[in-house]
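In: curious how this folds, go ahead:
(one chain, ligands or ions: 1)
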Amino acid sequence: MRHLLHDLAARIRPDSRITILTGAGVSAASGVPTFRGPGGIWRTYKPESLATPAAFERDPQLVWEWYNWRREVLSQKQPNEAHRVIAAWSRRYPNFSLITQNVDGLHERAGTPNVVRFHGSIWEVRCWNRCPHSPVQWSDTTVPFPQIPPRCPHCDGLLRPGVVWFGEPINPAVLQRTQKSLNCDIFLTVGTSAVVYPAASLAHAAKACGAYTVEINIETTPSSNSLDLALAGPAEEMLPSIEALLA
Ligand code: OAD
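Out: Alright, predicted model coming up:
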């Protein structure tokens, strides 16, 4: 393992174009449950009852109770060493991009600027009616909401969480920023099961653009064999080990 980490560290130069894609595994050490695997959210809850536009139409109260509860849980969590190393790299390397599938906001709290939030943010809301008086989406960090479901301050209609639900497209501006960052020297995919598309295709797209592609995960994923390097281990240990070799 040590020589693999050395090889990777040797590839990272001050002017390297580095892009990182993260998934739920990067927040696992902060105590945030992942979606799949033991203790995963989708083992207990059904995505189709909570994370689709149809579920929201059917029962906005239930969907908001679930998001409100997740916001309460997340508000107690702190960034871990993996988030901190990524934040340090975002400050150190001028050609650095972070794309995250996580909606938890922990990368931002660790100090990474300009995060490309591929699946949106649980800390943002938007008007379900898309009323003309409200912005498309805005930050609201109220925990807990005094009223469930929360209401649009502009039209008094329903608010919805600012996340991407199953069956919804990725925001075109986010896709555009993502596309740009695929053109990189090193693409690191960290803590994602690589089964949810289109996020799961990004490492392959970066490889097709010529990037050296690396996966960090505690398990093998459908991508492991097709990337240049698969590092088996927890993000909160592997990233600090690479960082120590860079120093
Ligand atoms: P998953 O729960 O599918 O996968 C988490 C991955 O993290 C698994 O492959 C684990 O092996 C790995 N993992 C767990 N702990 C780790 C650690 N300490 N270090 C490194 N890896 C670790 O989560 P995502 O891949 O993020 O989408 O899921 C993708 C999307 O599916 C989510 O964004 C969400 C979900 O449904 C939406 O809500 C649209």
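In: how about the nearest residue to residue 151, chain neighbours excluded?
Out: Closest residue to residue 151 in three dimensions, ignoring its sequence neighbours and counting by CB to CB, 6 or more residues apart in numbering: residue 159, at 6.4 Å. Heads up, the C-betas are built off the backbone N, CA and C, glycines and all.
In: how about the strands in this structure?
Out: 18-22, 96-100, 116-117, 120-127, 138-139, 159-163, 186-190, 212-217, 229-232 (DSSP state E).
In: sheet-wise, list the partners of the fifth one with their directions.
Out: Here the strand partners of strand 138-139, with direction, are listed using DSSP bridges: strand 120-127 (antiparallel).
In: the strand it pairs with near the ligand anywhere?
Out: No: for strand 120-127, no contact with the ligand is found by CB under 6 Å from any ligand atom; the gap never falls below 8.2 Å.
In: other residues contacting that strand?
Out: Counting by CB atoms under 8 Å, 6 or more residues apart in numbering, the neighbours of strand 120-127 from elsewhere in the structure are 67, 70-71, 74, 103-105, 134-141, 150, 152, 154-155, 157-164, 171.
In: also stretch 239-247?
Out: Surrounding stretch 239-247, the residues in contact under the criterion CB under 8 Å, 6+ apart are 5-6, 8-9, 12, 81-82, 85-86, 88-89, 190, 216.
In: mind doing that once more with 6 Å?
Out: Stretch 239-247 is contacted by residues 5, 9, 81-82, 85 when judged by CB atoms under 6 Å, 6 or more residues apart in numbering.
In: same deal with stretch 73-82?
Out: By CB under 6 Å, 6+ apart, the surrounding residues in contact with stretch 73-82 are 26, 29-32, 104, 106, 109-110, 143, 235-236, 239-240.
In: can you check stretch 6-18 too?
Out: Residues external to stretch 6-18 that are found in contact with it (CB under 6 Å, 6+ apart): 93, 95-96, 184-186, 242, 245-246.
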